[in-house]
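Visitor: here is a sequence together with a model predicted from it:
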Amino acid sequence: MGALSKAKPVIIICTRDRAKSEPFYREILGLRQTSADDFAAVFDVAGAPLRLSTVEGWKPHEHTIFGFAVDDIKAAVANLTKKGVKFITYPGFGQDADGIWTTPDGAVRVAWFSDPDGNNLSLTQLK
């Protein structure tokens, strides 16, 4: 067994503007904020801490940096859309009208969206 096989994950997401991003994670995504200090705002994601850390001049990566596994992706997309979240449609992916892509075998469904800093996040439903 590896040295980290039982380690609890800590999620770190960088932001240029925490004043803009903090309400997004708390109010739009509905994550419970557990603390905040000069370095990060901390949220609970199913028992794992998500640290929203300020990094001056942060530039987001073009690929997904963090995903949320959900039981009902259609309901999750609808809920976030009502709150103003815009889902990303990638040309040629064959996503449905809600921006949900399904693997050819139908086992996985994924939808992508961005936080206020442009960090690419996703919702995933496993069948």
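Guide: Good, I have the coordinates.

Visitor: can you list the residues that contact the helix of greatest length in the chain?
Guide: Taking DSSP state H as the criterion, the chain has its longest helix at helix 73-82. Applying Cβ atoms under 8 Å, 6 or more residues apart in numbering, the contact partners of helix 73-82 are 28-29, 68, 70, 87, 98-100, 109-111, 113, 123-125. C-betas here are computed from N, CA, C, even on glycine.

Visitor: and which of the residues you listed is nearest to Val45?
Guide: Val45 has its nearest neighbour among these in Phe68, at 7.6 Å by Cβ to Cβ.

Visitor: run through the helices of this structure in chain order.
Guide: With DSSP H as the criterion, the chain has helices at 18-23, 73-82.

Visitor: buried set for the first one?
Guide: Using 16 or more other Cβ atoms under 10 Å as the burial criterion, the residues of helix 18-23 that qualify are 18, 21-22.

Visitor: packing partners for that helix?
Guide: strand 40-45, strand 48-54 (3 or more Cβ pairs under 8 Å, 6 or more residues apart in numbering; DSSP states H and E).

Visitor: in its sheet, what does the shortest one sit against?
Guide: The strands beside strand 40-45 in its sheet (DSSP bridges) come out as strand 32-36 (antiparallel), strand 48-54 (antiparallel).

Visitor: ranking those strands by burial, who's on top?
Guide: Stretch with highest mean neighbour count among the strands paired with strand 40-45: strand 48-54 (a mean of 18; mean count of other Cβ atoms under 10 Å).
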